[in-house]
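>>> Below is the sequence, then the predicted model.
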Amino acid sequence: MKKFLSLDPDVKVLLPDGSTRNLSVYLIPSVLLMLAALLLMTSMFLPYWNMEMTAPQYPKGLFVDVYVNHLEGDMREIDELNHYLGMKPLDEGGQFERSISMAGIVAMGLLLVASVFVHNQWAAILALPVIAFPIIFVADLWWILYQYGHSIDPNSALGGAIPPFTPPVLGQGMVGQFGTIATFDIGFYLALAAVVVMLTGLWFHRAAYKPIVDARKNVNSAR
């Protein structure tokens, strides 16, 4: 079985200048880029971020899990509290982002798959959206939290009791009498893992295909 699964060392790839390289040199980046695409597209089915709210009247706490396309958790209770503060329901924040998230992640995954078949520097260009995605997610999450904390209606029942605030994206905070604990979740970490695997794949991609580009240039210059 081991012999069956291993690559034949006698199988070589012929470069334009007549030199050869092992086939495994070209398979490794392809496998890594495909794995990065799989990690990224798997992440969209898992929570990216969550927040726990604790207070004496809620001894078990209130929880919100944020997926890229929906929210889960104690939404009803939190929205009732937000109503007294004059804040919007949680589901109203980031509606546009959630509406395009699944299609966007699938598109990024397909770009990674396409980069497997690109044998020059354009492979890195196709991968750029994957690198930017976790950064954009965190920045957009901060903006949504900022908007919530700065949209308090002063005419609501408790609107004048709490000054404008921004809940933390990561770590502990306070919202009135509620303590908050914000953490990233497995979906976000899978997206980060996809970036790491992809960058590793691009490094092997360059190591594999740059000699081909250089050999082609040498052949053309010799003519």
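Arrived safely, thanks for sending. Since we're looking at a predicted model, the values are computed, not measured.
>>> helix/strand/coil for the most centrally placed residue in the chain?
Residue closest to the average C-alpha location in the chain (C-alpha atoms, centre = their mean): residue 191, at 3.6 Å. Classification of residue 191 by DSSP: H, G, I helix; E, B strand; the rest coil places it in helix.
>>> Give me the distance between residue 65 and residue 36.
For residue 65, the distance to residue 36 equals 24 Å [C-beta to C-beta, to the nearest Å]. C-beta: built from backbone N, CA, C; applies to glycine.
>>> higher neighbour count, these two?
Neighbours were counted for residue 65 and for residue 36 using other C-beta atoms under 10 Å; residue 36 has more, 28 against 17.
>>> if we can go back for a sec, isn't the residue nearest to the centre of the chain up against residue 37?
No: Residue 191 is beyond contact range of residue 37, at 11.7 Å (criterion: C-beta atoms under 8 Å).
>>> what's the distance between residue 106 and residue 44?
Taking C-beta to C-beta, one finds residue 106 at 8 Å from residue 44.
>>> Who has more neighbours out of the two?
Using other C-beta under 10 Å as the criterion, residue 106 and residue 44 rank with residue 44 on top: 19 against 14.
>>> Contacts only, for the more buried one.
Residues in contact with residue 44 (C-beta atoms under 8 Å, 6 or more residues apart in numbering) are 67-69, 101-102, 105-106, 187.
>>> Show me which of those are buried.
67-69, 101, 105, 187 (16 or more other C-beta atoms under 10 Å).
>>> which one of those residues is nearest residue 111?
Nearest to residue 111, judged by C-beta to C-beta, of the buried ones among the contacts of residue 44 is residue 105 at 10.6 Å.
>>> Backbone dihedrals for the closest residue to that closest one other than its chain neighbours, both of them.
Spatial nearest neighbour of residue 105, chain neighbours left out: residue 44 (4.6 Å); criterion: C-beta to C-beta, 6 or more residues apart in numbering. Phi and psi for residue 44, reported as degrees, to the nearest 10, are phi -70, psi -10.
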